[in-house]
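**Q** how would this look folded up:
(2 chains)
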Amino acid sequence: MDIQQSSQPTAAIQTNTPPDKRRKWLRKLYTQRHIQIMALLGIAWMIIFNYIPMYGVVIAFKDYDIIRTISEAPWVGLEHFKEFLADENFGYVMRNTLGISLLKLATFPLPIIFALFLNEVRSLRFKKSIQTISYLPHFLSWVVLGGILATWLSDIGIFNKIFMALNLIDQPISFLAEPKYFWTIVITSDIWKELGWSAIIYLAAITSISPEMYEAARIDGAGRFQQMWYVTLPAIKATISILFILAVSGVMNSNFDQILVLRNSLNDSASNVIDYYVYYTGLSQGRFSYSTAVGLFKSVIAITLLLIANQVSKKLNDTSLF
Amino acid sequence: MFLSSRRTKGEVVFDFVNNFGMLLICFVTLYPIWYVLINAFNDGKDAMLGGIYWWPRVFSLENFEAVFANPGIMTAMGLTIAKTILGVVAHVFFTAMVAYAFSRRELIAGRFYIIMGTITMIFSGGLIPTYLLIRDLNLLDNFLVYIIPVLFSFFDLIIFMTFFREIPDGLEEAGRIDGANDWTIFLKIVLPVSMPVIATIALFHGVYQWNDYFAGIIYVNKESLQPIQTFLYRVVAQSSSNIMTTAVQGSAVTKTVTSQSIKLATMVVTTMPIVFAYPFLQRYFVKGMMIGSIKG
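**A** Residues are numbered from 1 along each chain as shown, chains lettered A, B, ... in the order given. Coordinates of the predicted model:
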């Protein structure tokens, strides 16, 4: 335990024999009893809502059912993991999870590009207005956005009207009913919703760049693209690294809120991701142990990816989360 | 910001193209929202013919009348408002309280507490263990399931803690000399000077509370305990139109209202509070995002 030197005036006794030390410690504990209570309320919450479910993960290695308690359930080792790996759904669930996630990861540079170009807008007022407008979709719920998309992507929706008018398609397509369009819909709607919001941190980082840097670059004859490339981008490199590590560690999270709204039984072969599979097998089929095992399998991959990304970033440019 | 105002020809072209691109992004961002608005303000039966792209063709408020006259939708709205207000107040107060304790450097075992919290950001029990816990706590089909399991967030604690550590010590010292205990200092001195960070966390959590539909799906069966987003989800994603049909039939203005037009009007009603609130809170959350990204 870390007992720091307190700044408060301590008792006059300075001899540090063990009983004195303990007395001093107890005294210190007593003077900070109020903040200890505050802290311990938080710790109690974490134990109940974070640590008990973490312990609950053991049911992935057991045969749990609702009539028994977790400790009564018999151990089955890696049975459920083997079952998942051998399951006919394993292949396409993994393919969908990784496919959607990697495509989303590929859109990682877009908010940076948006921030770079927004930074080049000369009118401050125009810049602020665009920024405010660009945040707006972030505040809409996926349910509402899902409702808009369902209307627009239906066979009588606006997209079909446009594509028909442009002669891109011969007959109306019900886009959400076709698996092959699902990934495109997911990626595009995600960009639409989060582009402006994801750019916040980059824009904030950019505002801290000294104007003299740009001045100097211009005197050296740098154009606008060169200023972006040689001044702005290097200045926000650390921010980019940190956010990239976070993005990599989130690869296994395919944004369940979004998928759940857009998926349906017709596009299942392209929309069934691990998170949905966990939800479906766990809560609809009641296979608690199996579902937990699948969720744990996912977490292990996610944590491994986080560690790898962190290490790589540390090696490459000395930036890391921990 | 730029001292030299002379622009080369290339720069003029660049600015033109850039501004045009930005306008295009604004249009693409705003149009879907505009589309929902104009269709919600259009006569429902007429809207079924399609072709409403820029302005309502047959202006009508009946969709909204039907929404406000529907007891099911109104219950869900009321519940959402209640859980958002209570949830935000409880979450902000509780998380700030714990963060205040954690921010005090003399806190015995403080380092250990922070490590415990950091672990919760990396590992989690996942869906089923959490569900089983909620069940064992008797929170299924209970209003408190929207509040207690999200009472605290270690990520938000970090944002609070970073802010609290910046508060000059003299301020708290002055309180202590006046004989105030830590609770009084937290409530009367620390919280009042922390409004920017409180606004940030309140907005983040408020948006979460307002927009979340998942808790309503997995933890709640009772229809009276269903938030508006869960209600909308059932209508949108599962197209369980019987809810809507009853809404249509229940309304006095059946002639012009359709399930689609009620859906759009409900979407407008659900979304408007946030759309009007966030621009005013913008300067706070930009700062909050920065603290979160540096420390998180």
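
**Q** Walk me through the domains of chain A.
**A** With domains defined by automatic domain parsing, chain A comprises A:18-61, A:79-317.

**Q** tell me how far the ends of the last one are from each other?
**A** The first and final residues of domain A:79-317 sit 42 Å from each other (CA to CA, to the nearest Å).

**Q** before we move on, back to that, and chain B, which of the domains of chain A is closest to it?
**A** domain A:18-61 (2.4 Å; CB to the nearest CB). Yep, even glycine has a C-beta here, placed from its N, CA and C like the rest.

**Q** do the closest one and chain B meet?
**A** Yes. Under the criterion of CB under 8 Å from any CB of the partner chain, chain B is reached by domain A:18-61 at A:25, A:28-29, A:32, A:34-36, A:38-39, A:41-43, A:45-46, A:48-57, A:59.

**Q** Same list, the domains of chain A, but as JSON lines with mean neighbour count and distance to B:Ile38 please.
**A** Converted to JSON lines, the domains of chain A look like this (neighbours: other CB atoms under 10 Å in any protein chain shown; distance: least, CB to CB, whole Å):
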{"stretch": "domain A:18-61", "mean neighbour count": "17", "distance to B:Ile38": "44"}
{"stretch": "domain A:79-317", "mean neighbour count": "18", "distance to B:Ile38": "12"}
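
**Q** tell me the secondary structure for B:Arg105?
**A** coil (DSSP: H, G, I helix; E, B strand; the rest coil).

**Q** what's around it, how many residues?
**A** 12 (other CB atoms under 10 Å in any protein chain shown).

**Q** for it, phi and psi?
**A** phi -70, psi -20 (degrees, to the nearest 10).

**Q** same check, this time on the one 4 residues further on
**A** Geometry field for B:Ala109 lists phi and psi as phi 70, psi 10, criterion degrees, to the nearest 10.

**Q** Same question for the one 10 residues further on.
**A** In this entry, B:Ile119 is assigned phi and psi values of phi -60, psi -40 (degrees, to the nearest 10).

**Q** Could you do A:Lys62 as well?
**A** phi -130, psi 170.

**Q** which residues sit in contact with the residue nearest to it when sequence neighbours are not counted?
**A** Leaving aside its sequence neighbours, A:Lys62 sits nearest to A:Ala73 (CB to CB, 6 or more residues apart in numbering or on different chains; 4.2 Å). A:Ala73 sits next to A:Ile59, A:Lys62, A:Asp63, A:Tyr64, A:Asp65, A:Ser289 when contact means CB atoms under 8 Å, 6 or more residues apart in numbering or on different chains.

**Q** doesn't A:Arg287 make contact with the fourth one?
**A** No. Under the contact definition of CB atoms under 8 Å, A:Tyr64 does not touch A:Arg287, with a separation of 9.6 Å.

**Q** so what secondary structure elements neighbour the helix or strand where A:Phe297 lies?
**A** A:Phe297 is part of helix A:288-317 when elements are defined by DSSP states H and E. Here helix A:288-317 touches helix A:79-86, helix A:237-249, helix A:274-279, helix B:127-136, going by 3 or more CB pairs under 8 Å, 6 or more residues apart in numbering or on different chains; DSSP states H and E.

**Q** Give the helix, strand or coil label for whichever residue of chain B sits closest to chain A.
**A** Chain A sits closest to B:Gly125 of chain B, with a gap of 2.4 Å, by CB to the nearest CB. In three-state terms, and counting by three-state DSSP, B:Gly125 is coil.

**Q** How about it, nearest residue that isn't a chain neighbour?
**A** A:Pro53 (2.4 Å).

**Q** Also B:Tyr53?
**A** In space, B:Tyr53 is closest to B:Tyr35, 7.3 Å off (CB to CB, 6+ apart).

**Q** And for B:Arg165?
**A** Ranked by CB to CB, 6+ apart and with sequence neighbours excluded, the top spatial neighbour of B:Arg165 is B:Ser103, at 5.2 Å.

**Q** Can you give me every residue that contacts the one you found?
**A** Shown in contact with B:Ser103 (CB under 8 Å, 6+ apart): B:Phe160, B:Met161, B:Phe164, B:Arg165.

**Q** name the element the last one belongs to?
**A** In this structure, B:Arg165 is located in helix B:154-166 according to DSSP H and E.

**Q** buried sites along the helix or strand following that helix?
**A** Going down the chain from helix B:154-166, the next helix or strand is helix B:169-177, by DSSP H and E. Across helix B:169-177, burial judged by 16 or more other CB atoms under 10 Å in any protein chain shown covers B:Glu172, B:Gly175.
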